[in-house]
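S.K.: Make a model of this:
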Amino acid sequence: MLSAVITMSGCASLVGSLTQSFAEDLSSAILNSDDPAMVRDGAPAYLILIDSLLAGSPENVGLLSQSAELHSAYAGAFVEDEVRAARLHDKARRQIFLATCLSLKDACDLDARPFAEFLAWTNSRSVKEVPALYNLASIWAGWIQGNSSDFSAIAELARVKALMQRVVELDETYANGAAYLYLGVFETLLPPAMGGKPEIGRGHFERALTISNGNNLMVKVMLADQYARLLFDRELHDNLLMEVIAADGKTPGLTLMNTVAKERAQKLLDSADDYF
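M.R.: Model (predicted):
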């Protein structure tokens, strides 16, 4: 009887490993695609497939994280309907909060804690937890963006900023320095007269570029959109966007984002005369 239990447990672990590996491979294939239209049209089928895997393993941390990441990315990059996008971001937020609760110590209800308690928890995290912290912060940020008209959602931005700052403190190179991209955006949301810190934001963007060896083209797009437009620096704006459009963009793990970045760069250039 004992040997049968051990065998069954081993099989269950193998199946879990295979499904998680499949989800990771699927996510990688999407992120390395240079055809946003194909990803946009095919992504709903991928999301339904991962949902079906989760139906059999509703507390599988790996699947929850992959599903949250894909739902958030799809909503942010391809869904123009604000109501639908908000619904997808809500789902991604629920999934990443559950994955975090299940995988990290004392990590449940992070959005409901007093901020000082939340900050103490964040500052106690270790380097091995960086992937989970970054996923939580990036998907949480996407949810805030998808609910930007809700002041209660905006109020949670300080928690996301604290998480990203902790990621930088522990491993600034994680995900090609993408935490700096978020920090740059946070500091350039408002002009200086309203509390924004655009020069600090520019420093964050430039650090992200350095860490990614210039391969993350979305950093240049955001530097142009968030910083150059904020300060009405037309020369910097146009130079950055032309560099993005001229770049190859095919980089492992960044190809889809870079392709989207090139499309957004062209739209920003096309609208520059009306803006400046």
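S.K.: in this protein, what spans have low per-residue confidence?
M.R.: Residue ranges of the chain with pLDDT under 70: 1-24, 26-27.
S.K.: Let's see that with 50 instead.
M.R.: Within the chain, the stretches with pLDDT under 50 are 1-18.
S.K.: where along it do the helices fall?
M.R.: With DSSP state H as the criterion, the chain has helices at 2-31, 36-56, 61-78, 82-103, 115-123, 130-146, 151-154, 157-171, 178-187, 198-211, 217-222, 234-246, 255-270, 272-275.
S.K.: Out of those, which is closest to residue 228?
M.R.: Nearest of the helices of the chain to residue 228, taken as CB to CB: helix 234-246 at 3.7 Å. Just so you know, the C-beta spots here come from the backbone N, C-alpha and C atoms, and that holds for glycine as well.
S.K.: Would you mind pulling up the elements that that closest one packs against?
M.R.: Helix 234-246 sits against helix 217-222, helix 255-270, helix 272-275, with contacts defined as 3 or more CB pairs under 8 Å, 6 or more residues apart in numbering; DSSP states H and E.
S.K.: Could you pull out the buried residues of it?
M.R.: 236-238, 240-241, 244 (16 or more other CB atoms under 10 Å).
S.K.: same question, stretch 81-96
M.R.: Neighbour counts over stretch 81-96 (16+ other CB under 10 Å) mark 85-86, 88-89, 91-93, 95-96 as buried.
S.K.: again with stretch 70-82
M.R.: Neighbour counts over stretch 70-82 (16+ other CB under 10 Å) mark 70-79 as buried.
S.K.: I'd like the helices of the chain as JSON lines, with distance to residue 228 appended.
M.R.: Below are the helices of the chain laid out as JSON lines (distance: least, CB to CB, whole Å):
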{"stretch": "helix 2-31", "distance to residue 228": "27"}
{"stretch": "helix 36-56", "distance to residue 228": "24"}
{"stretch": "helix 61-78", "distance to residue 228": "22"}
{"stretch": "helix 82-103", "distance to residue 228": "26"}
{"stretch": "helix 115-123", "distance to residue 228": "31"}
{"stretch": "helix 130-146", "distance to residue 228": "20"}
{"stretch": "helix 151-154", "distance to residue 228": "24"}
{"stretch": "helix 157-171", "distance to residue 228": "22"}
{"stretch": "helix 178-187", "distance to residue 228": "12"}
{"stretch": "helix 198-211", "distance to residue 228": "9"}
{"stretch": "helix 217-222", "distance to residue 228": "10"}
{"stretch": "helix 234-246", "distance to residue 228": "4"}
{"stretch": "helix 255-270", "distance to residue 228": "9"}
{"stretch": "helix 272-275", "distance to residue 228": "10"}
